[in-house]
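> Just a sequence and a predicted model for now, questions to come.
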Amino acid sequence: MQFSFQIATKVLFGRGCIAENRDEFRKLGKRAVVVTGRNSGKASGALDDIEQALKDTGVEFTVFDGIDNNPSLENVEEAGKFAAGFKPDFIVGVGGGSPLDAAKAVATLAVNDMPPEELFKNSFAVRPLPIVAVPTTAGTGSEVTPYSIITRKDLQTKMSFGNADTFPKLAFMDAAYTETLSYETTVNTAVDALSHAIEGYLSRRSTFMSDVFAVEAMALFGECLEGLLKNKIDFNLREKLLYMAMLGGMVISHTATTIVHGMGYSLTYFLDIPHGRANGLLLAEYLKFNRDAVEEKTKKVLSLLGMASIEEFRKVTDTLMGNDLQLGEEQMEQFASLAMKQKSAGYNIKRVEKQDLIKIYRASCKGV
Ligand code: FE
């Protein structure tokens with residue numbers, strides 16, 4: 001047995017956790033920049049709660065609410081410049097995966113005057129500012145990972161950076177903030193979390209410790225599945241999903257993701273398919289591809305989800321999200337080439353060639 005395991009984030013979980021623990025903000029400093037998107041922070045009520053807590057504890061703050069979905073390097077550069085001008089002691093990210101990931105870039109760029117491309121070097125002259133993460137979706141797990149996924153228009157894909165200093169110091173997790181999500185977003189983000197658990201569990205980099213979290217996350221998804229399929233989603237279920245997403249984040253903090261994420265990025269970049277759904281469309285064929293290398297673990301995945309076979313897994317995910325995926329030969333060729341360039345391709349349990357990825361894309365299409 002050999003592993004290292006560390007989560008550098010203090011998690012405060014539960015309804016009303018921000019108001020209850022508002023003094024935590026003050027411990028990080030006197031000035032904050034709150035980073036969010038145009039909608040989710042406000043609609044969820046999370047932004048109001050954060051602003052109130054900052055006012056109550058005498059923290060001066062300003063809000064940058066211009067983070068795009070799947071933020072680009074240009075977008076985080078703009079936010080970083082805005083933050084640098086305010087000279088904050090810490091950064092608060094609030095929203096789905098996009099604002100949380102952007103907050104990590106902003107925390108770095110606010111104190112490092114450098115071209116944003118240098119984020120990917122993962123080593124910075126000045127240590128990034130402390131980050132507080134407040135998720136309003138249950139999927140990304142970004143609140144407990146060091147990763148920041150940024151869209152590279154120049155490279156036509158998404159790329160991640162992150163080091164020990166970009167782990168959020170604090171995560172406030174209140175499932176009430178996920179109650180305003182649409183059914184589609186609830187499902188898609190839940191499937192993202194499931195993907196983190198499955199990819200981490202079957203990764204070349206999985207460990208005894210990361211598997212504990214992955215198994216629990218998959219079991220929770222299994223418990224939530226009927227409610228998701230029937231669109232019967234109460235607060236209890238939302239709390240389970242938020243907890244599950246956090247566990248998934250803890251898994252990939254250690255294992256990273258594998259080919260599902262690497263392949264899914266092109267579906268998002270070129271076809272505008274939401275991140276979680278992009279992963280979900282590929283998961284069944286990914287399981288099939290790897291099955292002979294991880295037979296026992298694959299059986300365990302299915303049994304935790306209450307499924308008898310990968311075919312059933314495919315049916316369930318296609319039902320849950322719908323599957324209208326259609327890809328041309330040239331597209332599959334291009335997407336597979338891009339996915340092969342991702343670090344995550346090397347973490348897949350089986351060695352992959354470009355042809356393997358093309359086969360997975362082809363088999364994942366509608367009606368195949
Ligand atoms: Fe993801």
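Nice, I can see it. Residues are numbered from 1 along each chain as shown.

> which regions of this structure lie under the pLDDT threshold?
Across the chain, nothing is flagged by pLDDT under 70.

> how near is the residue nearest the centre of it to Phe213?
Nearest to the geometric centre of the chain sits Thr140, at 2.4 Å (C-alpha atoms, centre = their mean). Look at Thr140 and Phe213: by C-beta to C-beta, to the nearest Å, they are 15 Å apart. Using the backbone N, CA and C atoms, a C-beta is placed for each residue, glycine as well.

> And Gly262, by the same measure?
21 Å.

> same deal with Ile233?
23 Å.

> where do the strands sit along this protein?
Assigned by DSSP state E, the chain shows strands spanning 10-13, 31-37, 60-67, 90-95, 131-135, 148-152, 157-161, 170-173.

> quick one: which of those strands is nearest Thr186?
Within these, the stretch nearest Thr186 is strand 131-135; the backing value is 13.0 Å (C-beta to C-beta).

> Gly14 is in contact with Asp174, isn't it?
Yes - counting by C-beta atoms under 8 Å, Gly14 does reach Asp174; the two are 6.8 Å apart.

> More neighbours: the two, which one.
Asp174 (26 against 14; other C-beta atoms under 10 Å).

> what about the closest residue to the more buried one other than its chain neighbours, neighbour count?
Nearest non-adjacent residue to Asp174, counting by C-beta to C-beta, 6 or more residues apart in numbering: Cys17, 5.2 Å away. Neighbours of Cys17 under the rule other C-beta under 10 Å: 20.

> Next up, the contacts around Cys17.
Phe172, Met173, Asp174 (C-beta atoms under 8 Å, 6 or more residues apart in numbering).

> Leu282 touches Tyr265, doesn't it?
No - using C-beta under 8 Å as the test, Leu282 is too far from Tyr265 to be in contact (10.9 Å).

> before we move on, the earlier item: mind putting the strands of the chain into a markdown table with distance to Ser195 and mean neighbour count?
What follows is the strands of the chain, written out as a markdown table (distance: least, C-beta to C-beta, whole Å; neighbours: other C-beta atoms under 10 Å):
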| stretch | distance to Ser195 | mean neighbour count |
| --- | --- | --- |
| strand 10-13 | 21 | 16 |
| strand 31-37 | 22 | 25 |
| strand 60-67 | 23 | 18 |
| strand 90-95 | 20 | 30 |
| strand 131-135 | 16 | 29 |
| strand 148-152 | 13 | 24 |
| strand 157-161 | 15 | 21 |
| strand 170-173 | 20 | 25 |
